[in-house]
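Participant: I need the structure of the sequence given here:
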Amino acid sequence: MSDAAARFNDVVLPHLNAAYNVARFLSRDQDAAEDIVQEAVLRALRSFDGYRGGDPRAWLLAIVRNCFLTWAATRIGTIPAGRVDCRDCEAGDEPRSDEPRSDPWDREPATPEAVLLRDDEAAAVRRLIEMLPEPFREALVLREMEDLSYRQIAEITGVPLGTVMSRLARARSLFEASWQRCFGDDVPRTDPRRERELR
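Facilitator: A predicted model of the protein is given here:
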């Protein structure tokens, strides 16, 4: 393996899960997310000679975002608008994820009912996020699920810091309103275990 290939592997490959997570939430389609990430990695490989250091995760996620925008431009009208239909979030819906349904590292044994409730809540949160309009969904996923700073999000999306902050505020407001409209109770707060489930 050449030095450039080894460096690419060291710099880019640790961030593939984040790339897939962002692509999946932006595209709302697992198969499309895989294609988007594959194209992003190919673009990253082709342009890696021009990579001058900095935050490799933000660099890769910016490429993922651009690949998503290219993909979405070919599907105008096929991505649903941001109106939330509460029937899409009802308990019992299967999560669209290949992730394990429970955390095997939980120290406390969970009852079957608790596991089902937690899985239902995670699926509902996932669906509500998927229903947000793209700029708000993008900002929310990058901040709350990928734990990127406002500055990193601004770098990835190519918008000013103030725009990132306003998009996040709007995304949180839309999410909370949708949750309350669908479930009538307080919005769930994430803890590290729940956040892993949402990925």
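
Participant: count of neighbours near Asp185?
Facilitator: Counted with other C-beta atoms under 10 Å, residues neighbouring Asp185 total 8. All C-beta spots, glycine's among them, are computed from the backbone N, C-alpha and C.

Participant: err, Phe8, not the other one
Facilitator: 19.

Participant: Please identify the helix or strand for it.
Facilitator: helix 3-12 (DSSP states H and E).

Participant: Buried residues of that helix, list them for me.
Facilitator: Phe8, Val11, Val12 (16 or more other C-beta atoms under 10 Å).

Participant: Look at the spatially most central residue of the chain and give its secondary structure.
Facilitator: Relative to the mean C-alpha position of the chain, the nearest C-alpha, by C-alpha atoms, centre = their mean, is the one of Val22, at 3.6 Å. Recorded secondary structure, Val22: helix (DSSP: H, G, I helix; E, B strand; the rest coil).

Participant: What residues does it make contact with?
Facilitator: Shown in contact with Val22 (C-beta atoms under 8 Å, 6 or more residues apart in numbering): Leu61, Val64, Arg65, Phe68, Glu138, Val141, Leu142, Glu146.

Participant: Go ahead and confirm the second one touches Ala23.
Facilitator: Yes: the pair Val64 and Ala23 passes the contact test of C-beta atoms under 8 Å, sitting 5.4 Å apart.
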